[in-house]
Structures are given as C-alpha cells and as structure tokens.
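**Student:** Okay, here's the prediction I keep looking at, along with the sequence it came from:
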Amino acid sequence: MSGASVSPAAPHPQQAPGETARDPLLERLAHAQPGPELTVIVPTRNERDNIIPLYDRLSTTLSGRNWEMMVIDDDSTDGTPDVVRFLARYDRRVRLLSRLGRRGLASAYVEGVQASTAPYVAVIDADMQHDETLLPQMLSVLEDEPVDIVVGSRYVDDGGIGAWDAGRARISALATRLGRRLLRVPVNDPMSGFFMVRREAFDASRRRLSSIGFKILVDLFASSPAPLRARELPYQFRDRHAGESKFDAMIGIEYLMLLTDKLVGHIVPVRFLMFAVIGALGLVTHLAALWAGLTVLSLPFAAAQTAATAVAMTGNFVLNNALTYRDRRLTGWKFVYGLASFGLICGIGAVANVGIASVLFAEHAMWWAAGLAGAAMSVVWNYAMTSALTWRAAVR
C-alpha cells in the first residue's frame, strides 16, 4: 500500500471533467448516527447509590445535546459497575470502563478522555457535590469563545465551598495557594475537580501528565506546552448525595507528590524520591529496633540485627505500598506476596551494597565514598526491581 492518499472529492478516471465521485464511505456516514459532542467523565469508587440520580440530572440538564456519560470505575465492591451496566442496556449514552489494580481520579480521567472520541470532555464527581446545571454553559463557552478550558470555581464571586468545616477550608486554601504560586496556575480554583476542556488542549498535554492523585486540573495546566486559555464559572459546592467521602490525609500527600513531580520530575522521578525518603526512614527504624533489641530485650547482636532488619523492611514495604505506589497498592494475598518479593529484592540489594562498598574500600576509596556508592546502588536496584516486580502485578 502506498503512502499517497486520495481525496474524497478527487475526479473519477471514467467521469467527465467537472464531475466528482461520491465516496461510498461518506455516503454511508451521511445516514449514520453521529458520535457524542460531549463526554462527561464520572470517576467512581463505591458510588452505587449516586449513579442513577446523577444520570437523571445529566439527562435533564443536557437535554437537546449529543452527550454521553462515561463511568470510570476503580474496582468498586458495592455493585457500582452493575448499576452502570443496567443503565447502559437501556441507554447507549452510558458507558463503563472498569479498572483493576489502578486507582486515582487523575489517572481515571486520563484513561476516560483517551477512550472518548468527543471534541469536548468534562469531569464531574459522582456524589453530586458539583453543580451539573453548569455543564451547558461550559459547553457554550467552549463552542463560542477562544477558550481551551472552562473551570467550575468555588473561589470567584457567587461561588462557595458549602458546609465545609474550618479545617478542610484551610487545607483547601493552602493547596490553592501552592498550586497558583509554585506552578503558576492562572485560575482561582486550581483544586477544582469540575471542568470541561477541548480535546486538542488535552491531547497537547497528555504525554506530559503526571496522573498522580486526585487533582488533574493542576496537572493539565502545568503540563500544557502552551498556556491554556481559561474561563471560570462560579458554583456552590454541595453536600454529598450518598456514600462516604474519599477525602483523607493521603490526598494531601499525593498533591504534594504532584507538585514535586511538576517541579523536578523532569530531572528525577517523584516516585524514586519518595522511595528514597522512605528508605532513609527505614534506616532510622532499623537503628531504633536494633537498640531496643540489644538494650530492652537483651538479645544477642545477630538476633537483634535480624529482627531490626525485618521490622525496617516491613515498615518500608507498608509505607511504599500506601504512599509511593498508592495508585497500585496491594491488598489481601497480593500484599503478602508483595512483601515477600520486596524482602527478597531488598536482600539482594543489601548483599550488592556490601559487595560494592567493600571492593571500592579495598581499592583505597574513602570509607564514606565507598559506603555512599554501595548505598546508592542498593537504592536504585531496590526501586527499579520492586517497581518492575513487586507492584507490577497491580497494573497488569
């Protein structure tokens, strides 16, 4: 097959001059039902009781528009996918993308946009805390104005955070200031999880996205090769309709990881930095456990060292599973198998650490240089191998 293309309007060889051929494909497509102009992405994790009420509200507010509701479900255990499948059997505008072993709103949004073909894509929470009646106005702005992204904002005139307590309000305000100042995000509510974007604006950014945690809007602005033209529309944040909130301290840690990745991720992966920090904490844990074994339990040194190594290694695995690889975290028997593989890999790394340091010291390297070289090699080995093996099963 040659690389040349034939225009649908190119003259047919047997036609008289001035006539054009009708492309059979275009002729068939003229009678087909067009695809959606808007995809509304709804990330879910145990949101069964919110799906049908949200569908009803979207059906009302987007009446007259060609839209679809795409639910990206992170392995819910409450029957959320079953409810979505039920709706999809009766309404082809409802779609389901089920993810196994992967979690996080940001990565769910990215996968949802890539599975969509619509020129405009919105994201909205399933719990109906976002004001879905704003969607038609968002779409009109993108259609009629030179704007790349429309953000539902709580921090402009007529917007609000609803019934948040003072603690959550302070945390949100701090996170907002960090996003605006560190990454120069040009909107008043960079933490918003409610927005609509042109596909071409997303496509320009998608290979640079970090997809860490819950705050995809900050990621989009920071990853775009050209400044995004933004417009903010006010809305009042509402109470959750049903189910339990996913807000916890880990969301804040993931947000800090996202900020770090956007600032230095082009130099060193943020996962590696987190892995190294947890490794340093593991060293402190090891020394504390060794001291307790020798002084409190009066164990022989070999026994105390063995126990301290097991405590530190287990602690490192638990923290990495909860923080570094939160989006791939292992549970159940996978947690047990992961701990075993983590211990084996780190054990090999420890042997290599000692071996390399000993060789360098024998070659007359300074003791501290030999020690650092061995430790650095061990950290890189542990990170690379556990990423590829220990947490790999979670992303298959």
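**Tutor:** Sure thing, it's come through. Numbering: from 1, shown residues only.
**Student:** just checking, Arg102 touches Tyr325?
**Tutor:** No: contact criterion Cβ atoms under 8 Å: Arg102 and Tyr325 do not qualify, at 10.7 Å. (C-beta placed from N, C-alpha, C; glycine too.)
**Student:** The two - which one has more neighbours?
**Tutor:** Tyr325 (20 against 17; other Cβ atoms under 10 Å).
**Student:** So that one versus Ser341, what's the distance?
**Tutor:** Using Cβ to Cβ, to the nearest Å, one obtains 13 Å as the distance from Tyr325 to Ser341.
**Student:** repeat for Asp203
**Tutor:** Applying Cβ to Cβ to Asp203 and Ser341 gives a distance of 37 Å.
**Student:** and those two? which has more neighbours close in?
**Tutor:** Comparing Asp203 with Ser341 by other Cβ under 10 Å, the one with more neighbours is Ser341, at 18 against 11.
**Student:** Can you tell me the element that one falls in?
**Tutor:** helix 332-362 (DSSP states H and E).
**Student:** List the buried residues in that helix.
**Tutor:** 334, 338-339, 341-343, 345-346, 349-350, 353, 356-357, 360-361 (16 or more other Cβ atoms under 10 Å).
**Student:** which stretches of the stretch 101-250 of the chain form helices?
**Tutor:** In the stretch 101-250 of the chain, the helices defined using DSSP state H, counting those that start in this stretch lie at 105-115, 135-144, 166-182, 199-205, 216-223, 249-264.
**Student:** Deepest-packed of those, please.
**Tutor:** The highest mean neighbour count among these, using mean count of other Cβ atoms under 10 Å, belongs to helix 216-223: a mean of 26.
**Student:** how far out from the middle of the chain is that helix?
**Tutor:** 11 Å (Cα atoms, centre = their mean, to the nearest Å).
**Student:** for that helix, what is the average pLDDT?
**Tutor:** Mean pLDDT, helix 216-223: 89.
**Student:** per-domain residue ranges of the protein.
**Tutor:** Under the assignment automatic domain parsing, the domains of the chain span 38-244, 270-395.
**Student:** Can you give me the distance of Gly64 to Leu38?
**Tutor:** Taking Cβ to Cβ, one finds Gly64 at 12 Å from Leu38.
**Student:** Those two: who's more crowded?
**Tutor:** A direct count of neighbours by other Cβ under 10 Å for Gly64 and Leu38 places Leu38 higher, at 22 against 6.
**Student:** dump the residue contacts of the closest residue to that one other than its chain neighbours.
**Tutor:** Distances taken as Cβ to Cβ, 6 or more residues apart in numbering place Trp67 nearest to Leu38, at 4.4 Å, with adjacent residues excluded. The contact partners of Trp67, taken as Cβ atoms under 8 Å, 6 or more residues apart in numbering, are Pro36, Glu37, Leu38, Thr39, Val40, Leu58, Arg93.
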